[in-house]
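>>> predicted coordinates and the sequence they were generated for:
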Amino acid sequence: MSRTNSATYKNETIDAFEVDDNYNDFNRNQFKCVECGAQIQFNRGINKEDPHFKNWPNTSHQPNCEIELNYKRFSKQDNSNIYSIISTILPRGERLINLDSNEKKRKIRKRYFGKRSRQFLNSLNSLSWHELKELTLRTEDKKTVKLIDIIMRQDTIIEKLKNENNSFICILKGYTSKSIEVGKSIKLPLTNGGKYGNKNKFDLFIPASYVEKNKNRINTIENKLIYCYGVAEVNDYGYKIDLFSITHQVMIVEKANNSKYSK
């Protein structure tokens with residue numbers, strides 16, 4: 001059964017999380033596939049933590065529907081990790097988010113840094129280098145992107161922050177160093193200069209209120225090549241991504257891929 005993160009509602013494309021946040025404001029019989037127009041249904045997922053759209057009972061997508069074709073192509077066991085990325089996480093990662101208020105930051109933490117993020121990182125870590133380079137995917141706003149293009153090194157992230165002057169969600173790939181206490185908070189600087197290739201300083205930052213939750217895992221991601229799924233931003237102290245949950249936001253890149261760290 002194919003699933004997607006967005007639907008058409010009264011001629012507008014709408015995000016599953018928006019429906020989840022305003023559950024009683026929608027006529028839930030009026031969601032349609034953004035590709036083929038077939039009727040689909042909203043589902044909050046297990047424990048109401050994974051909002052998405054799925055097939056309406058006894059209703060099929062059109063034969064040429066891209067969402068359905070992707071499901072048939074990638075949902076088999078050999079490609080299940082690719083399908084996990086296509087159907088659940090990737091669309092959220094490409095969209096730029098304006099983080100002007102604490103309420104929006106709260107929603108970002110809820111939406112992007114939970115169990116689905118961990119599933120995404122597991123899937124990402126299992127892909128071959130060829131798949132990372134060649135896999136082309138669609139985002140919620142119907143743009144086509146290569147998966148490798150949303151996996152960024154710190155210099156690329158910093159350049160984008162400078163050019164667009166706006167925080168955004170991304171997948172960082174980089175080498176961490178030893179953690180440093182900053183008052184009651186903790187930061188893990190990424191390596192820069194020399195053989196690492198990055199010229200600019202960038203930190204993974206654990207706010208004081210999240211140190212206790214993460215303290216037993218901090219040393220496991222020191223001096224490692226990692227993927228980190230988070231909100232890239234800049235403040236008076238520099239460029240950073242906040243870590244609210246190491247378990248759900250960070251994955252150590254498998255050693256087999258280390259020699260191919262050219263992105």
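Nice, thanks for sending it over.
>>> can you pull out the helices in the stretch 151-263 of the chain?
In the stretch 151-263 of the chain, the segments counted as helices under DSSP state H, counting those that start in this stretch are 154-164, 208-214, 246-249.
>>> farthest residue from the center of the chain?
Distance to the chain centre peaks in the chain at residue 58, reaching 31.5 Å (criterion: CA atoms, centre = their mean).
>>> for residue 26, which non-adjacent residue is closest in space?
Setting aside the residues directly before and after it, residue 26 is nearest to residue 19 in space (CB to CB, 6 or more residues apart in numbering), at 5.6 Å. For glycine as for every other residue, the C-beta is placed from the backbone atoms N, C-alpha and C.
>>> contacts only, for that neighbour.
7, 26, 28, 31, 42, 51 (CB atoms under 8 Å, 6 or more residues apart in numbering).
>>> got the confidence number for it?
pLDDT for residue 19: 89.
>>> which SS class is it?
For residue 19, the assignment made with DSSP: H, G, I helix; E, B strand; the rest coil gives helix.
>>> roughly how far apart are residue 81 and residue 169?
Using CB to CB, to the nearest Å, residue 81 is found at 20 Å from residue 169.
>>> what stretches of the chain score poorly on pLDDT?
Scanning the chain for pLDDT under 70 picks out the ranges 1, 74-80, 82-114, 137-144, 194-197, 254-263.
>>> can you pull the buried residues of the longest strand along it?
Ranked by residue count under DSSP state E, the longest strand found in the chain is strand 225-235. By neighbour count with 16 or more other CB atoms under 10 Å, strand 225-235 contains the buried residues 225, 226, 227, 228, 229, 230, 231, 232, 233.
>>> would you turn those residues into JSON lines with distance to residue 36?
Output for these, formatted as JSON lines (distance: CB to CB, whole Å):
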{"residue": "225", "distance to residue 36": "41"}
{"residue": "226", "distance to residue 36": "38"}
{"residue": "227", "distance to residue 36": "33"}
{"residue": "228", "distance to residue 36": "36"}
{"residue": "229", "distance to residue 36": "30"}
{"residue": "230", "distance to residue 36": "34"}
{"residue": "231", "distance to residue 36": "33"}
{"residue": "232", "distance to residue 36": "35"}
{"residue": "233", "distance to residue 36": "37"}
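>>> all set now, cheers.
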